[in-house]
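J.: Using only what follows, build the 3D model:
(one chain, ligands or ions: 1)
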Amino acid sequence: MSTTAPEAQHRDADHLSDPEWWRQAAVYQIYPRSFADADGDGIGDLPGITSKVGYLRELGIDAVWLSPFYPSALADGGYDVDDYRDVDPRLGTLADFDDMVTALHAAGIRLIVDIVPNHSSDRHEWFREALTSEPGSPARNRYIFRDGKGEHGELPPSDWDSVFGGPAWERITEPDGTPGQWYFHLFAKEQPDFNWDNPEVREDFLKTLRFWSDRGVDGFRVDVAHGMVKDFSEPMPSKADLQALNTGTDGFVDGSHPFWDRDAVHEIYAEWRAVFNEYSPARTAVAEAWVHPDRRARYASPEGLGQAFNFDLLQADFRAEDFREIITKNLAEAAASGASSTWVFSNHDVVRHATRYGLPESGPADSGAIMANAGKSWLLDGGDPAVVDAALGLRRARAATQLMLALPGSSYLYQGEELGLQEVGQIPDAERQDPSFFRNPGVEIGRDGCRVPLPWTSSGSSFGFGAGGSHLPQPQWFAEHSVQAEEADEDSTLNFYRKALALRAELQGAEDLEWLPTEEPSVLAFRRPGGWISVTNFGDAPATLPEGEVLLSSGPLEGHSLPGATTAWLRA
Ligand code: BGC
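T.: Just a heads-up that it's a prediction; the model follows:
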């Protein structure tokens, strides 16, 4: 296929000046270490991304969200940042970054970068300075250091656990060699939390936002956006007290938790908003905030970050009534905050949706280190692909994705889902990289299975990912899902995504949705402005399609009826 497919041609430079572009964008997440490796060191890099801009353009996305590419020891896949204003030398240079931005923009594609404000890495120069400075020094005050409890300070300041398992406090050795203070880390011990009460920390992040905005970045994905502000005044509650603050699956409702979702976090985002608005078009942001739905609107408000992720569909079963309820609730919520909604089925933290939907039991989602989602028990049981009905999983995944792409708001896609990739369940322990696997033996398998480098060709070294192998092992079955194989197959998932994204760009109008009555409760149908109708059959038996011209379906139709686990778009 040519890289100048007619459907891609509307994405020109003019398209980039629209200040509202983010409201209904199709955003493609790139996990840079696993996308494309230009220098053959086994790790994907920025020149690799630049070399694939034609592919991204032809896919038909509006923006790329780039997971961290900053210098990092990879204690948490790059979410442990050594330097916020540089590029990891294994991934390239700042000049490579500029080249990538230029190439993406020339193709009409915007760039959102991940920003990780809750914690740095333990190799950040500020943290190294803190370790060699005295307790109570300004250098220590950029992080959260406390004296330990017990006669000799040998006990942590509280009994809290980190998100990845194990204690949330780590004891250091003081410069004079004696056992010393403890620092707080919500995630791995290599990820010390910043002290956001410190104006120096705030200033430095404003500098970082301007640094990347000046380089042409269009927006930011804000990691752990609900975690930065803390109140650790004594007496600190116990772990059991914290449990009591948790209202269940929905999160915390009143801002009283010592580290999650405190109201003062919005003062930070008001400052960030002022920086975003210094640019034209204003820079955008999307919050990763695991908060009670009632509190999500503040993150998404125009005075705050502007948009917040909603992971509700990601955590839902493939069931019509659940989808309908989630969509209705989130559209109302987004409208109330002035934002548009966000939708997502897969990302770098969860089991791929083609696999989740093919598991025998689609019972309640398994809870895990980062987010609850089905598939973790399967991974813990060995991740055997034979247990997964891959064909059904993919069929449902395509139907769900096509439904998502018809919704008002922005859709976030994760690299490789356009190839219909399944989760790689079986990775030898010795080759795993995710800290949640090592910190939580027997409880977490970790997130490596969705981070395996992409297959570009059907044969050759690392299936075309790069000349130097792949930093996580790729299974043989990647061959049939390679870009090369799927380009040659008219009915492939890749060609389905291309068609769906091109049509979406053409059909997307005002952010309204009208539910249509259906004969079967397992069928959802809605109309978008301009006569665009989306119908999804969540059941097994074929359903009647409304009258109209079928524009696209996620699987073959049976005459004018819609088979199970299939979505169709019609013009009526
Ligand atoms: C990111 C994870 C990361 C964590 C800590 C999350 O929300 O998506 O990949 O491990 O933040 O930075």
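J.: excluding its backbone neighbours, what's nearest residue 347?
T.: residue 414 (4.9 Å; C-beta to C-beta, 6 or more residues apart in numbering). All C-beta atoms are positioned from the backbone trio N, CA, C, and that covers glycine.
J.: Quick check: the gap between that neighbour and residue 550.
T.: 28 Å (C-beta to C-beta, to the nearest Å).
J.: so which helix or strand takes in residue 533?
T.: Here residue 533 sits within strand 532-537, counting by DSSP states H and E.
J.: of all the residues in the chain, which ones are close to the ligand?
T.: Proximity of the chain to the ligand is confined to 76, 79, 116, 187, 223, 224, 288, 348, 349, 370 under the rule C-beta under 6 Å from any ligand atom.
J.: Is it correct that residue 314 is in contact with residue 373?
T.: Yes - contact criterion C-beta atoms under 8 Å: residue 314 and residue 373 qualify, at 6.3 Å.
J.: Now for those two: what residues contact both?
T.: Common neighbours of residue 314 and residue 373 (criterion: C-beta atoms under 8 Å, 6 or more residues apart in numbering): residue 350.
J.: show me what contacts residue 310?
T.: 296, 330, 333, 341, 342, 343, 344.
J.: by contact count, what packs against the strand holding residue 533?
T.: Judged by 3 or more C-beta pairs under 8 Å, 6 or more residues apart in numbering; DSSP states H and E, the packing partners of strand 532-537 are helix 390-405, strand 523-528, strand 566-571.
J.: Can I get the ones you listed in CSV including mean pLDDT and mean neighbour count?
T.: Shown next, in CSV, are those (pLDDT from 0 to 100; neighbours: other C-beta atoms under 10 Å):
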stretch, mean pLDDT, mean neighbour count
helix 390-405, 98, 23
strand 523-528, 98, 20
strand 566-571, 98, 23
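J.: do you know which of the ones you listed lies nearest residue 483?
T.: Among the helices and strands packed on strand 532-537, helix 390-405 comes nearest to residue 483, with 16.5 Å by C-beta to C-beta.
J.: Residues touching the closest one, excluding its own?
T.: Under C-beta under 8 Å, 6+ apart, the answer for helix 390-405 is 26, 313, 318, 323, 343, 345, 352-359, 411, 413, 417, 420, 422, 493, 496-497, 500-501, 504, 524, 534, 536-538, 552-555, 565-567, 569.
J.: So which of those residues are in strands?
T.: Applying DSSP state E to those, the entries found in strands are 26, 343, 411, 413, 524, 534, 536-537, 552-553, 566-567, 569.
J.: Assign whatever residue of the chain ends up closest to the ligand to one of the three secondary structure states.
T.: Across the chain, no residue is closer to the ligand than residue 79, which sits at 3.3 Å (C-beta to the nearest ligand atom). Of the three states, residue 79 takes coil under DSSP: H, G, I helix; E, B strand; the rest coil.
J.: what's the most distant pair in the contacts of residue 310?
T.: 333 and 344 (15.3 Å).
J.: Which pLDDT value belongs to the closest residue in space to residue 18 that isn't next to it in sequence?
T.: Leaving aside its chain neighbours, residue 18 sits nearest to residue 281 (7.1 Å; criterion: C-beta to C-beta, 6+ apart). On the pLDDT scale, residue 281 is placed at 95.
J.: try the one 10 residues further on
T.: In the prediction, the pLDDT value recorded for residue 291 is 86.
J.: What is the burial count for it?
T.: 23 (other C-beta atoms under 10 Å).
J.: Could you say which helix or strand holds it?
T.: Here residue 291 is assigned to no helix or strand, by DSSP H and E.
J.: go on, residue 211?
T.: Residue-wise, residue 211 maps onto helix 199-214 under DSSP H and E.
J.: pLDDT of that helix, averaged?
T.: 98.
J.: now do stretch 44-57
T.: According to the model, stretch 44-57 has a mean pLDDT of 98.
J.: Dump that stretch to CSV, restricted to CA.
T.: C-alpha atoms of stretch 44-57 as CSV (Å, rounded to 0.1, in the frame of the first residue of the first chain):
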residue,chain,number,x,y,z
GLY,A,44,13.7,0.4,20.2
ASP,A,45,14.7,4.0,19.7
LEU,A,46,13.6,7.4,18.5
PRO,A,47,15.1,7.1,15.0
GLY,A,48,13.2,3.8,14.8
ILE,A,49,10.0,5.8,15.4
THR,A,50,10.9,8.4,12.8
SER,A,51,11.5,5.6,10.3
LYS,A,52,7.9,4.4,10.8
VAL,A,53,6.1,7.7,10.4
GLY,A,54,4.8,6.6,7.1
TYR,A,55,3.3,3.6,8.8
LEU,A,56,1.7,5.8,11.5
ARG,A,57,0.3,8.2,8.9
